[in-house]
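Engineer: return a 3D structure for these sequence lines:
(one chain, ligands or ions: 1)
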Amino acid sequence: MIKKTITYSLICLFSICLLACSNADSSSSEAEAADLVVDINNPIHEIQPTMYGIFFEDINFAADGGLYAELVKNRSFEFDAPWMGWKHLPEAETRFNTVNELTIVRDANNPQNPRFVRVDKGDETPEFGLENEGFDGMGIKNGEKYDFSFVARQNKGNVTVKATLVDTTGNIIGSANTAVNGNDWKAYEVVITATATFGAAKLQVNFEGIGQIDIDQISLFPQDTWKGRKKGLRKDMVQLLAELNPGFIRFPGGCIVEGRTLDQRYQWKKTVGPVDERETLINRWNTEFAHRPAPDYFQSFGLGFFEYFQLSEDLGAEPLPILSCGLACQFNTSETVPMDQLDPYIDDALDLIEFANGSVNTKWGKIRASMGHPEPFNLKYIGVGNEQWGQEYFERYEAFAKAIYAKYPDMNIVSGTGPFSDGEMFEKAIKELERIKPELVDEHYYRTPDWFRENATRYDNYDRERFKIFAGEYAAQSVQTASPENRNTLECAISEAAFMTGLERNADVVYMTSYAPLFAHVNRWQWTPDLIWFDNLTAYGTANYYVQKMYGTNPGTHTLSIKREGENVTGRDGLYATAAIDKNSNELIIKVVNTLGSKREISLSLNGLSKAVEGTMTSLHGDDAGVFNTIEEPAKITPSESNVMAENGKLNLQMPANSFKVVRLKL
Ligand code: AHR
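Structural biologist: Okay, here's the model as predicted:
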């Protein structure tokens, strides 16, 4: 994670300079026409099915408050401040009421989830309880059903729990009641049917009657989740992921893997098994950026490693977990585990492979089976460390790799070059990696749009004997890395499309690529730009999302040569191209990018094709390179589809200003 170190005024200065220096020319004049020649009959490199994937990290409320469909924040009162997210009803002073009381009890016998609420109800006051604010409210949809649930025990008397959904003016938009009975902890669940749509609803939980109950795990989920799974994932958000046709899913990050301290690292073992036994942990993005504080950002791990493997399976994507290598984030504390105490960390990696792939007779395979998946998840990739650097990293990586290969010789292990895509730290990493010879190496590029346009040749002269590349995190930054002023502009998206022609052309070296970060809540983000933005009711794709989708849904199986005057098409007057064949469907796929702010004509010669063939063309473009989609106008930039026909081995393309086109022809 690149720390924001510049002041607001510097950011402004930087943006003005960028505007002045930008390549984007908004004139509508025509650029030079170009003839491109595609050689259909000589496939060059195989394109890996993992080529275009997804990077997932719980940043910007991507998991809790996002993909994980739980609507209640701090459902088990385990945030550092146990009442965070909750308000006492009818008013704050309820706390000082000695007739009706709400008390946080801390039970040392339940270390993963020690706190619960004791409700003492001394009189019949009906309006006494708690209100949960959700994540910037709760997204409730008219006519949909919601599962309201909790665990409770009755210590004395008779107390009924009444759940009510309210809008901001207090109108009731759904409610349900359930009595608590029996003095053992039990799970309760009732269904609330919503009577209105509201994006910022709140859940009121009132306690009626007289007596004492203990209550915990107060939860509200829509029934309409992805695949209808109970307490599952937000359907609209997974749908957007499915439409990317991802080859893999990287998880859980990102810096969240490492933690600000070792104690705050991501520990997968604490994210599997019964949800109420998963220990809440502060999210590292809670305090990371002073300009985007998120004091209520914690991880419930309701979306944990089982759900991740299941999601990968649902989407037909290879899982690629990234694990802590015993080094906390080096931008933060750099806390380091001594080499002679590294074994528990290495065991975590070995046990994760067993959790994913082991038979149901193994310790961790049995836990997977108990969660409903006796079949293995068929894990093939594992990453060691996120953005680490220095000797500390490489010696730890080597210890991990030795132990993993000893037990799982077929595993593909991913190493990394650190946070930067060039410079001294990067060069030092490359030297070490050339010695270690890992299979796949993770590179990150959070750079300006012009860097992306200028680096489409990055791998053209890459040493073919070296390790393969996992472009594991990248995104064009419209202002400056991690600046809060960054936007998902069309210029950024088109620049990424241009850069990606180079990734695809070098598919013999580049095996995996993923844009980062993936998700951001429109009101609760820490980092921008992001691929998909959402609020409590809807989610939308950015222009960058559509670029990823156009690549991900049109990968091809083998690259083909596409040349302009005998040269690769790598940016000469703003033109970029790549070509592939899909041997399974016998289709030709051509991707062309025009980064200029003026239109141009392209004539394609399809060598080896003489008959007339039909096909489709997907086109993403806009006259204004600075435009971006928003939650209010989510479809300002979206691709359009049309039919095309190539005749006598020729196809002409009109490339508008700032455009990316994918042509697919049935051979
Ligand atoms: O994508 C956001 C952050 O950027 C990731 O957590 C980190 O790996 C990178 O610096």
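
Engineer: alpha carbons only for contacts and neighbour counts from here, please
Structural biologist: Fine.

Engineer: wait, residue 79 sits on residue 280?
Structural biologist: Yes. With contact defined as CA atoms under 8 Å, residue 79 reaches residue 280; the gap is 7.1 Å.

Engineer: residue 148: neighbouring residues, count only.
Structural biologist: Residue 148 sits with 24 neighbouring residues when counted by other CA atoms under 10 Å.

Engineer: element containing it, please.
Structural biologist: Using DSSP states H and E, the element containing residue 148 is strand 145-166.

Engineer: give me the mean pLDDT for that strand.
Structural biologist: When pLDDT is averaged along strand 145-166, the result is 98.

Engineer: and it, what does it pack against?
Structural biologist: With contacts taken as 3 or more CA pairs under 8 Å, 6 or more residues apart in numbering; DSSP states H and E, strand 145-166 sits against strand 172-179, strand 186-193, strand 198-222.

Engineer: for the ligand, what are the nearby residues on the stretch 401-550 of the chain?
Structural biologist: Contact residues (CA under 6 Å from any ligand atom) of the stretch 401-550 of the chain with the ligand: 516, 517.

Engineer: cool, and the stretch 151-300 of the chain?
Structural biologist: So the stretch 151-300 of the chain meets the ligand at 253, 254, 255 (CA under 6 Å from any ligand atom).

Engineer: which residues do residue 79 and residue 280 both contact?
Structural biologist: Both residue 79 and residue 280 are in contact with residue 298, where contact means CA atoms under 8 Å, 6 or more residues apart in numbering.

Engineer: where are the low-confidence patches of this protein?
Structural biologist: Within the chain, the stretches with pLDDT under 70 are 1-29, 92-96.

Engineer: okay, helices next: where are they in it?
Structural biologist: Taking DSSP state H as the criterion, the chain carries its helices at 8-21, 235-242, 305-315, 343-357, 363-370, 390-407, 424-436, 449-454, 490-505, 543-552.

Engineer: JSON lines for these, including mean neighbour count?
Structural biologist: Shown next, in JSON lines, are the helices of the chain (neighbours: other CA atoms under 10 Å):
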{"stretch": "helix 8-21", "mean neighbour count": "13"}
{"stretch": "helix 235-242", "mean neighbour count": "18"}
{"stretch": "helix 305-315", "mean neighbour count": "19"}
{"stretch": "helix 343-357", "mean neighbour count": "20"}
{"stretch": "helix 363-370", "mean neighbour count": "19"}
{"stretch": "helix 390-407", "mean neighbour count": "17"}
{"stretch": "helix 424-436", "mean neighbour count": "15"}
{"stretch": "helix 449-454", "mean neighbour count": "22"}
{"stretch": "helix 490-505", "mean neighbour count": "28"}
{"stretch": "helix 543-552", "mean neighbour count": "25"}
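
Engineer: got those as TSV, with distance to residue 72 columns?
Structural biologist: Shown next, in TSV, are the helices of the chain (distance: least, CA to CA, whole Å):
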stretch	distance to residue 72
helix 8-21	35
helix 235-242	17
helix 305-315	19
helix 343-357	29
helix 363-370	26
helix 390-407	38
helix 424-436	43
helix 449-454	39
helix 490-505	35
helix 543-552	29
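
Engineer: so which of those comes closest to residue 636?
Structural biologist: For these, proximity to residue 636 was assessed by CA to CA; helix 543-552 is nearest, at 8.8 Å.

Engineer: and that closest one, what does it pack onto?
Structural biologist: Contact analysis of helix 543-552 by 3+ CA pairs under 8 Å, 6+ apart lists helix 490-505, strand 613-621 as its packing neighbours.

Engineer: in a markdown table: these, plus distance to residue 126.
Structural biologist: Converted to a markdown table, the helices and strands packed on helix 543-552 look like this (distance: least, CA to CA, whole Å):
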| stretch | distance to residue 126 |
| --- | --- |
| helix 490-505 | 55 |
| strand 613-621 | 57 |
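
Engineer: list the contacts of the residue in the stretch 101-250 of the chain that the ligand sits nearest to.
Structural biologist: Nearest residue of the stretch 101-250 of the chain to the ligand: residue 250, at 11.3 Å (CA to the nearest ligand atom). Neighbouring residues of residue 250 by CA under 8 Å, 6+ apart: 53, 54, 55, 56, 319, 320, 321, 322.

Engineer: most remote residue from the chain's center?
Structural biologist: residue 123 (48.4 Å; CA atoms, centre = their mean).

Engineer: thinking again about what came up before, any of the contacts of residue 250 buried? List them.
Structural biologist: The neighbour-count test (16 or more other CA atoms under 10 Å) marks 53, 54, 55, 56, 319, 320, 321, 322 as buried among those.

Engineer: how far does stretch 648-667 stretch from start to finish?
Structural biologist: Terminal residues of stretch 648-667 lie 13 Å apart, using CA to CA, to the nearest Å.

Engineer: and that stretch, which residues are buried?
Structural biologist: Buried-residue list, stretch 648-667, by 16+ other CA under 10 Å: 649-653, 655-667.

Engineer: of those, which belong to strands?
Structural biologist: Per DSSP state E, strands hold the following members of these: 650-653, 655, 659-666.

Engineer: turn these into TSV, including distance to the ligand.
Structural biologist: Putting these into TSV (distance: CA to the nearest ligand atom, whole Å) gives the following:
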residue	distance to the ligand
650	42
651	40
652	39
653	36
655	32
659	26
660	25
661	27
662	27
663	31
664	32
665	36
666	38
